[in-house]
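Chemist: Sequence and predicted model, in that order:
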Amino acid sequence: MRRYLEVLHQHCHMQGFSVDKERGYAYWSFTDSVVKTNMDSMMILQTHVSGGHLGDIAYYDGKVYSSFMGNCLPGHAWDDWTAFRIHVYDAEDLRLLKAIEVPLCYEMHAMQGKPGDPYGFSGIDGITFGKDENGEIKMFIACALITGEQYDHQMILQMSLEGEYEKTHRFLTGNTVYGIQTLDYDWDTDSFWFTTYGAPAPYQARETLYNVSLKDGVVARYPYSSPYGFFCLGGGKFLASLHVGKTGNCAGYAYECEEPLFQNRKGEHDIKDFIFGDELK
């Protein structure tokens, strides 16, 4: 049996996970909550969030960061978000320390779908910490995209550790369903990994897992599904994600794997077999 972590009995689906390898904790984001477990999947803390939609999560230097989008106004589309923030939690007790506004996102959102819109911005989701081109540690936030053949570049915003916008990195992949879902930095290879949903439109990318660098752009792309979380463990090992259940009773899994597995297009049934063997049959 492969090693995996799990969080069960959640109301909404999993958005991402991150690991504090030094202290032995895992942090999980679901649409409406943040969860802390140990590496045996024992739940330690959970904090609920109202008024919006949490995205991916990242642990860094004693704090936990999650993207957040405010709920739409009455009568508006469900994804006409009213706020774009980064929630910062204390990693010990999951106490919300502050919420960082991302002003650029409001500007891009105001242009959404209008003539001449160069972004196709829909929201924010993936988040991680890593090195920029000068070797300095920064916060990186991934953007979600609207559907459209012209919106073929994924966007990652580079921020200071205090949350000030610095620059935008763009990666040519083709349009994807809602853009980047999860984002993580591989300290061994000085590169980023991000995940997307599958693509129904002919012009959308066939791959759903990407390895990119700020210097070389897209390094590798795979037709492997892991949109609910992805984390670089180091040493060529990763945690990929599996979501099970529907709203009201969801479970999220993070399972250990290596890059050769990504060469194969796998559906949810195949992934369950890979993780659990006969356990769920």
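Modeler: In hand now; what should we look at?

Chemist: residues in contact with the most centrally placed residue in the chain?
Modeler: For the chain, Thr182 is the residue whose C-alpha lies nearest the centre (CA atoms, centre = their mean; 1.9 Å). Thr182 makes contact with 15-16, 56, 125-126, 142, 194-195, 226-230, 241, according to CB atoms under 8 Å, 6 or more residues apart in numbering. Where you see a C-beta, it was placed from the backbone N, CA and C, and this is true even at glycine.

Chemist: What of Trp187?
Modeler: By CB under 8 Å, 6+ apart, the contact set of Trp187 is 130, 232, 234.

Chemist: Distance of it relative to Gln154?
Modeler: Noted for Trp187: a distance of 21 Å to Gln154, by CB to CB, to the nearest Å.

Chemist: Please apply the same query to Ser50.
Modeler: Relative to Gln154, Ser50 is positioned 30 Å away (CB to CB).

Chemist: Repeat that for Ser41.
Modeler: The value you get for Ser41 to Gln154, if CB to CB is used, is 32 Å.

Chemist: For the helix or strand bottoming out on mean pLDDT in the chain, buried residues please.
Modeler: The weakest-scoring helix or strand in the chain, judged by mean pLDDT, DSSP states H and E, is helix 268-276 (a mean of 75). Buried residues in helix 268-276, counted by 16 or more other CB atoms under 10 Å: 271-272, 274-276.

Chemist: Can you redo those as JSON lines, where the extra columns are distance to Ala91?
Modeler: Output for those, formatted as JSON lines (distance: CB to CB, whole Å):
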{"residue": "Ile271", "distance to Ala91": "29"}
{"residue": "Lys272", "distance to Ala91": "31"}
{"residue": "Phe274", "distance to Ala91": "30"}
{"residue": "Ile275", "distance to Ala91": "27"}
{"residue": "Phe276", "distance to Ala91": "29"}
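
Chemist: tell me the pLDDT at Ala205?
Modeler: Listed pLDDT for Ala205 reads 94.

Chemist: tell me the phi and psi of it?
Modeler: Main-chain dihedrals, Ala205, degrees, to the nearest 10: phi -60, psi 140.

Chemist: for it, what are its contacts?
Modeler: 173-176, 196, 199, 221.

Chemist: State the pair within these that is farthest apart.
Modeler: Asn175 and Arg221 (14.1 Å; CB to CB).

Chemist: Give me the more crowded residue out of those two.
Modeler: More crowded of Asn175 and Arg221, by other CB atoms under 10 Å: Asn175, with 22 against 17.

Chemist: Give the helix, strand or coil label for the more buried one.
Modeler: coil (DSSP: H, G, I helix; E, B strand; the rest coil).

Chemist: Let me see the ranges of the strands in the stretch 101-250 of the chain.
Modeler: For the stretch 101-250 of the chain, strands defined by DSSP state E, counting those that start in this stretch occupy the ranges 121-131, 137-145, 153-159, 165-172, 182-186, 191-195, 209-213, 217-222, 230-234, 237-246, 249-258.
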